[in-house]
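Trainee: Predicted model and sequence follow; I will ask about them next.
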Amino acid sequence: MMQENNNPLDHLERIYEMNRLFLSFLQLRARRRADCLGLPGPIAVLIRTASDARLDRAAALPQALFRLDLELRNTADAPMQRMSKEATDLYCLQISLLQGARNLCRRSSHLARTFLSLPASALIRLRCLALLELTSIAESAQLVRPSFSDEPWLWNEVLSSQAAGEQRQLRLLALQPRTGDLATLPAQFNSRIR
């Protein structure tokens, strides 16, 4: 019998991999001047011009840089009718992120909730999904969206911070529950967004 690995560092590595996949997808879209799933233009420019090393650092945030909308039905609400290059890329991203999130949910609900910011109902649904169901859900054009969509300053900091201290603070900040209260931000971040 195979022993289940619940080492949090292994789960973090999976989050980093999924974040990096998501950032690569966004960079490809940004370089084509396509919509970056609703991210503001200045953030798309940062993503478009980011080096691989910068994207690697951004992906190391211990929080998913994407959100999965698991309130969709098992069959896609808005299926991808034509499989253009963009639609194929989106489908591949979504099936990969769904599979990674499903595996994380099955191994540790607590860590999945922490890293993926999913409500309990979505965690239960994702945990119970059969592989066959993942393919139909991944066909929805509305499944994946960026995290922190109402906090573009956080995207700016994640993509542009270089100092190790700033990166540590960003990691801690990303794990905090979202309150929308800018007064609770560290002063260095607070001053940059006003």
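Mentor: Great, that's in hand.
Trainee: from here on, contacts and neighbour counts on C-alpha atoms
Mentor: Will do.
Trainee: R106: how many residues sit nearby?
Mentor: Burial of R106, expressed as a neighbour count using other Cα atoms under 10 Å, amounts to 15.
Trainee: That one and T88, how far apart?
Mentor: Per Cα to Cα, to the nearest Å, R106 is found 27 Å from T88.
Trainee: Does the residue positioned nearest the centre of the chain have any beta-bridge partners, and if so which?
Mentor: If you average the C-alpha coordinates of the chain and look for the closest C-alpha using Cα atoms, centre = their mean, you land on F66, 2.1 Å from that point. With DSSP bridges applied, the residues forming beta bridges to F66 are P146.
Trainee: Go ahead and confirm it touches P146.
Mentor: Yes - taking contacts as Cα atoms under 8 Å, F66 lies within contact range of P146: 4.3 Å.
Trainee: Is L23 in contact with L55, as I believe?
Mentor: Yes - here L23 lies in contact with L55, judged by Cα under 8 Å, at a distance of 6.8 Å.
Trainee: and the two? which has more neighbours close in?
Mentor: Set side by side, L23 and L55 give different neighbour counts by other Cα under 10 Å, the larger being at L23 (24 against 21).
Trainee: where along this structure do the strands fall?
Mentor: Using DSSP state E, the strands assigned to the chain run over residues 66-68, 144-146.
Trainee: Would you mind saying which of these lies nearest L131?
Mentor: Between L131 and these, the tightest spacing by Cα to Cα is seen for strand 66-68, at 16.4 Å.
Trainee: Tell me how far P152 lies from P40.
Mentor: The span separating P152 from P40 equals 7 Å under the rule Cα to Cα.
Trainee: Likewise for A101?
Mentor: Using Cα to Cα, A101 is found at 26 Å from P40.
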